[in-house]
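Q: Here's a sequence, model it:
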Amino acid sequence: MCSFGLAPSTLMVMPEKRVLIENMPAANILDNKPFANILPFGLCTSLANPITAAQTAAALGVLTPGSCTPVTVAPWVPGAPTALAGPAPMLHQGCQCICAYGGVITITMPVAVRTSVL
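A: Next comes the predicted model:
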């Protein structure tokens, strides 16, 4: 989920040379490519998004969300310090990815959840 998005999205993880968890490829911090890994979040409420800014200006200052076009330029942080998926640290529920339009993208519903037996 993005803090400026109006809808949840799905993180797409490509299966190339990856670790599988529950028969699905595990995500790593390099899975941050817009539209390949990070799909749009419906509409965007950030005025840093040029589409939202233009639509809001046209509506005489009334916030008018525009199409979400995620612009992520850096890997997810922090990543799992001791677990790799391919060449980079695995993602976990505490990881975040920052959009250039100011949104903070977080993992809200992981498919695989690590459990431990005591």
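
Q: okay, CA-based contacts and neighbour counts for the rest of this
A: OK.

Q: Next, find the distance separating the most centrally placed residue in the chain from residue 61.
A: Ranked by distance to the mean C-alpha position of the chain (Cα atoms, centre = their mean), the top residue is residue 105 at 4.5 Å. Using Cα to Cα, to the nearest Å, one obtains 26 Å as the distance from residue 105 to residue 61.

Q: Ok, residue 1 next?
A: Between residue 1 and residue 61 the distance is 26 Å, computed by Cα to Cα.

Q: do the same with residue 85
A: 45 Å.

Q: what about the two, which has more around it?
A: residue 85 (19 against 11; other Cα atoms under 10 Å).

Q: Angles on the backbone of that one, please.
A: In this entry, residue 85 is assigned phi and psi values of phi -120, psi 100 (degrees, to the nearest 10).

Q: Can you verify my assumption that it contacts residue 27?
A: Yes. Judged on Cα atoms under 8 Å, residue 85 makes contact with residue 27 at a distance of 6.6 Å.

Q: Alright, I will stop here.
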